[in-house]
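Dropping the sequence and predicted coords here.
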Amino acid sequence: MNEKKAFETNVIHSGYNSKDFLGSLTTPLFQTSTFTFDSAEQGEQRFAGEAEGYIYSRLGNPTVKALEDRIATLEGGEAGLAFGSGMAAVSAVLIALTKANDHILCSRGIYGCTFGLLSMLEEKYNIQTNFSEMKTEEQVRSLIRPETSCIYVETPINPTMELIDLAMVSRVAKDYGIPVVVDNTFSSPYLQRPLELGCDLVVHSATKYIGGHGDVVAGLLVGNQDVIQRIAMTTQKDIGGIISPFDAWLLLRGLKTLAVRMDRHCSNAEKIVPYLKDHPAVAKVYYPGDHLHPDYYIMKKQMKYGGGLISFEINGTKQDAQYLLNQLTFIKKAVSLGDAETLIQHPSTMTHSVIPEETRLHMGITDQLVRLSVGLEAFEDVWADLHQALNKVESSKVEQ
Ligand SMILES: *Cc1c(COP(=O)(O)O)cnc(C)c1O
């Protein structure tokens, strides 16, 4: 298709040819649950896989197909699959790759609901998970067991922004023939393409940067044709976490500006980091694009820029962190990320509150930690709002 073109061109054009749709510039919305057959025999042939054509929207839909082809091109994979949420994609891939009594090796910090899913898989099917920092080849190798059926990695890690060297992990996994799945939500394919680094499958919460406008909950998966086809015909078809055609249409629209949006998210974040680091109310800043970040060298190896997310610790307590959130004027208190609006949240009481305290602290998620998803507004305004709120945190402590 358009694979030879640049990323910035493919986000707009790949997966869609207007000639196939009466010249429509944008992908038409096929808001239909089912597709009619010309004859009984044609229906029989479609069900038997002997004739091309759509059957029913849980099994495929042209608007959804355009999105799946586009994300596959952007990630540099053979095939894509769209889901009704990021968690529908994560659960479809993890259930497809594992069976009872298997073992999963997972990065140390992961999305809260992925942690919940892994706990459920352990409780119901005795699928055990080891969480690892995955700092070295030896560390990864030492945790692989004969029954390890999947390595699951999130990088940058939410919300502590540590990175994992994807080329290193995939090199080790190849020796054992174990598939590596990467949650690429925080980077989007514009900043990081795990398949090009040897990983096998990429999942996204498309709710975040891919949609980019805070109006869709959706998930995406990319990998080679065989695995994607198997997941499409098993955990997607039979569990049924599919995307609606309208949400796929919104994602196709959001994707067109992915490259320009990511440039702004990243440049805004890069400008805010030094100011945050200088403020007396801030104890610690976690941003992979900061050259003093311990994993900066990994960022340079595998990411285009450091991303649009910054986590930082307030000098103080849980109450000081909550006080900061309450002093902000236009920065929105909300979970999620990757929207046009700058969003701030408090992981220990919000996104990561389901994780037992001891595990959470071990993951580096303290009560003083807040996570900022830098939006597309003028950097000066975002910093001004943060600055006045941080000043209030500082002066409230002097008063105490
Ligand atoms: C939001 C998120 C998910 C879950 O996606 P939903 O679309 O909310 O289901 C998974 N992984 C990461 C890193 C996320 O940020």
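Happy to help now that I have it. Fair warning: this is a prediction, and the values are worked out from it, not measured in the lab.

give me the number of residues near the closest residue to the ligand within the chain?
Proximity of the chain to the ligand (C-beta to the nearest ligand atom) peaks at Gly86, 2.2 Å away. All C-beta spots, glycine's among them, are computed from the backbone N, C-alpha and C. Neighbour count for Gly86, taken as other C-beta atoms under 10 Å: 25.

The nearest residue in space to Leu369 that is not next to it in sequence and Asp367, how far apart?
Once flanking residues are discounted, Leu369 sits nearest to Glu313: 5.2 Å by C-beta to C-beta, 6 or more residues apart in numbering. Distance of Glu313 to Asp367, computed by C-beta to C-beta, to the nearest Å: 9 Å.

Who has more neighbours out of these two?
Neighbour count, other C-beta under 10 Å: between Glu313 and Asp367, Asp367 has more, with 20 against 17.

can you list contacts of stretch 289-304?
For stretch 289-304, the external contacting residues (C-beta atoms under 8 Å, 6 or more residues apart in numbering) are 161-167, 187, 190-192, 197, 266, 269-270, 273, 277, 286-288, 305-307.

Stretch 317-333 too?
Contacts for stretch 317-333 (C-beta under 8 Å, 6+ apart): 281, 314, 341-346, 348-349, 367-370, 372, 381-382, 385-386, 388-390, 392-393, 396-397.

So which of the residues you listed sit within helices?
Asp381, Val382, Asp385, Leu386, Gln388, Ala389, Leu390, Lys392, Val393, Ser396, Lys397 (DSSP state H).

quick one: contacts for the first one?
Contacts for Asp381 (C-beta under 8 Å, 6+ apart) come out as Phe330.

Out of the ones in helices among the contacts of stretch 317-333, which end up buried?
Neighbour-count burial (16 or more other C-beta atoms under 10 Å) is assigned, among these, to Val382, Asp385, Leu386, Ala389, Leu390, Lys392, Val393, Ser396, Lys397.

Give me the nearest residue to the last one, chain neighbours excluded.
In this structure, Lys397 finds its nearest non-sequential neighbour in Gly316, 6.2 Å apart by C-beta to C-beta, 6+ apart.

Around the ligand, pick out the residues from this protein.
85-87, 90, 111, 113, 154, 158, 183, 185-186, 205, 207-208, 217, 219 (C-beta under 6 Å from any ligand atom).

try it again with 5 Å
Ser85, Gly86, Met87, Tyr111, Asp183, Thr185, Ser205, Thr207 (C-beta under 5 Å from any ligand atom).

give me the element the third one is part of.
Read that as Met87. Per DSSP states H and E: Met87 is located in helix 86-97.

Show me what that helix is in contact with.
So helix 86-97 is in contact with 81, 83, 104, 111, 113-114, 117-118, 121, 149-150, 152, 179, 181, 183, 185, 201, 203-208, 217-221, 227, 230-231, 234-236, 239, 241-242, going by C-beta under 8 Å, 6+ apart.

Having no further points to raise, I will conclude here.
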